[in-house]
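Chemist: the sequence isn't on hand, but the structure is:
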């Protein structure tokens, strides 16, 4: 029988790639999005194709699918700092009410539930790299807390539905991911730097650029979630690239790979911005047999090519 996926936030950056992945494998896909931060453009090439349904819906409100899903993917949430800082209450609601509503669908139909969690639940970490056992260092009342705590609540809800109702759950903690379909105004480092470099504008680096991040290409991340779905692992699993780069070195690499003449401009570091971020992916390697394959250089070239196509 053909398997069916319900994907909340399916018109977002990650959600749209997830829709494509399962359609290419013969699944039926029902994509839900309210288009607050997602875009119809991300999935318009899928509309009208067999097995794909696009529904405009805010998962904060209850949803009753007409057909039974085999897997419910909970990917609905503003994810970039500008997006969740501009929509703080919505971010909290989608992390709480949206997750509960999606879990309710999985419970009702006996479907597997897959939560897109985040490395941000670790906050500004005191342990480096971050293993899943680390409980985090998050400011509950800081500006980033609306996203961090929404995802922490989502994880707690997911675990509770498994314990109380026996829902078959998966939790993937996503570390910085990039690739085609990231919005130029997304606000995160890679899309910001590429857009600025292609326009010849100054590259905006916050702080002195010594803070570090790891960057996972989108194809690798989606493959990680696919393996997570097919596993029987219920506890959180880090999904990200363990290679670590300073923000300044990333900016310099993008200037070089775009052939830009942009200068680098330093600005004050935002409140609660993490100093370091790198996943310990031992569990992903052991349980899923997964690790990223796309190098930062190749991933940046593919992403830059896509950004160029937007202005071609």
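Modeler: Yep, that arrived. Just so you know, these numbers come straight off a predicted model, no measurement behind them. Numbering: from 1, shown residues only.

Chemist: now do the strands in the stretch 101-250 of the chain.
Modeler: Along the stretch 101-250 of the chain, counting by DSSP state E, counting those that start in this stretch, strands occupy 112-118, 169-174, 177-178, 203-206, 212-214, 216-217, 237-239, 244-246.

Chemist: packing partners for the second one?
Modeler: What that stands for is strand 169-174. Counting contacts by 3 or more CB pairs under 8 Å, 6 or more residues apart in numbering; DSSP states H and E, strand 169-174 packs against strand 112-118, helix 145-165, helix 218-230, strand 237-239. C-beta coordinates here come from the backbone N, C-alpha and C atoms, glycine included.

Chemist: quick one: strands adjacent to the first one?
Modeler: According to DSSP bridges, strand 112-118 has the following sheet partners: strand 71-74 (parallel), strand 169-174 (parallel).

Chemist: residues in contact with that strand?
Modeler: Residues outside strand 112-118 that contact it (CB atoms under 8 Å, 6 or more residues apart in numbering): 9, 14, 70-75, 77, 79, 99, 102-103, 106, 147-148, 151, 154-155, 158, 161, 167-174, 225, 228-229, 236.

Chemist: with the shortest one instead?
Modeler: Residues external to strand 237-239 that are found in contact with it (CB under 8 Å, 6+ apart): 119, 130-132, 170-175, 216, 221, 224-225, 228, 279-281, 283-284, 287-288, 290.

Chemist: cool, and stretch 304-312?
Modeler: Contacts to stretch 304-312, defined as CB under 8 Å, 6+ apart, come from residues 179, 180, 181, 184, 191, 194, 195, 198, 254, 257, 258.

Chemist: if we go to 7 Å?
Modeler: Outside stretch 304-312, the residues that touch it by CB atoms under 7 Å, 6 or more residues apart in numbering are 180, 184, 194, 195, 198, 257, 258.

Chemist: could you do stretch 207-222 as well?
Modeler: By CB under 7 Å, 6+ apart, the residues outside stretch 207-222 that reach it are 14, 17-18, 21, 174-179, 189-190, 239-248, 251, 266, 269, 273, 275-279, 292-294, 296, 299.

Chemist: and if we set it to 6 Å?
Modeler: 17-18, 21, 175-179, 239-241, 243-244, 246-248, 269, 275-278, 292, 294, 296, 299 (CB atoms under 6 Å, 6 or more residues apart in numbering).

Chemist: buried residues in that stretch?
Modeler: With burial defined by 16 or more other CB atoms under 10 Å, the residues of stretch 207-222 counted as buried are 209, 211-222.

Chemist: what do you get for stretch 299-312?
Modeler: 299, 300, 302, 303, 304, 307.

Chemist: and which of these is nearest residue 204?
Modeler: The shortest approach to residue 204 among those belongs to residue 307, at 16.2 Å (CB to CB).

Chemist: which element is the closest one on?
Modeler: Here residue 307, judged by DSSP states H and E, is contained in helix 296-310.

Chemist: what is the mean pLDDT for that helix?
Modeler: Mean pLDDT, helix 296-310: 96.

Chemist: before we move on, what about stretch 143-151?
Modeler: In this model, stretch 143-151 has a mean pLDDT of 96.

Chemist: likewise stretch 85-103?
Modeler: The model assigns stretch 85-103 a mean pLDDT of 98.

Chemist: so where's the stretch 101-250 of the chain shaky on pLDDT?
Modeler: Within the stretch 101-250 of the chain, no range satisfies pLDDT under 70.

Chemist: so which of the helices and strands packed on strand 169-174 is the most packed in?
Modeler: strand 237-239 (a mean of 27; mean count of other CB atoms under 10 Å).

Chemist: can you list the strands that that strand pairs with?
Modeler: Going by DSSP bridges, the partners of strand 237-239 are strand 169-174 (parallel).

Chemist: so how far is the partner strand from its chain's centroid?
Modeler: Here the centre of strand 169-174 is set off from its chain's centre by 11 Å, with CA atoms, centre = their mean, to the nearest Å.

Chemist: contacts for that strand next, please.
Modeler: Strand 169-174 is contacted by residues 113-115, 117-119, 155, 158, 162, 225, 228, 234, 236-239 when judged by CB under 6 Å, 6+ apart.
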